[in-house]
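1. My questions are about this predicted structure, shown below with the sequence.
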Amino acid sequence: MATHKKVIIDTGPLVAFINKHDKYHEWVKKQLALIHPPLLTCEGVLSEAAFLLRNFSGGSNLVLEYLRRDLLCISFSIENEVASIQNLMLRYNDLPMSFADACLVRMAEQHHDSAILTLDSDFQVYRKNRGQIIPLLFP
């Protein structure tokens, strides 16, 4: 863990942390205890998390609260990365790659010393910079 200066968080761990009934809740809680905030993320992840937590009392609000309290940081400009996101989604069309996943892979390319905190096994297939393994925090 100490070798990664920045951690990029995916939708699954964010939802699992907020939802105490999620089977990965305890694992995510232990991981987050080892990470110094803020965790980096993108609007796609926040949108997915808010949607998945819509029926969980206060869940969507907690996502925004974490942003407000600087526990999460949006460090990505979709507007500046459209071509890169499209290229990634086309390259991994066979999975298929989600918009949020493409943004996270692009973020991993931009933050060379980062790891992605995820529950999504597709990140074991994805590569940054056309061939480099993405460091993961994965159960």
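-> Done, it's in.

2. All the helices of this protein, residue numbers only.
-> Under the criterion DSSP state H, the chain contains helices at 11-18, 25-33, 43-52, 59-68, 82-91, 99-110.

3. Comparing those helices, which comes out most buried?
-> helix 11-18 (a mean of 24; mean count of other C-beta atoms under 10 Å). For the C-beta atoms, the positions are set from N, CA and C on the backbone; glycine is no exception.

4. Now do it: which elements does it pack against?
-> helix 25-33, helix 43-52, helix 59-68 (3 or more C-beta pairs under 8 Å, 6 or more residues apart in numbering; DSSP states H and E).

5. Contacts for the first one, please.
-> Just to be clear, that refers to helix 25-33. Contacts made with helix 25-33 from outside it, assessed by C-beta atoms under 8 Å, 6 or more residues apart in numbering, are listed as Pro13, Ala16, Phe17, Asn19, Asp22, Leu39, Leu117, Leu137, Pro139.

6. which stretches of this protein aren't confidently modelled?
-> Flagging of the chain using pLDDT under 70 yields the residue ranges 1-4.

7. Please tell me how far Arg130 sits from Leu104.
-> The gap separating Arg130 from Leu104 is 16 Å, by C-beta to C-beta, to the nearest Å.
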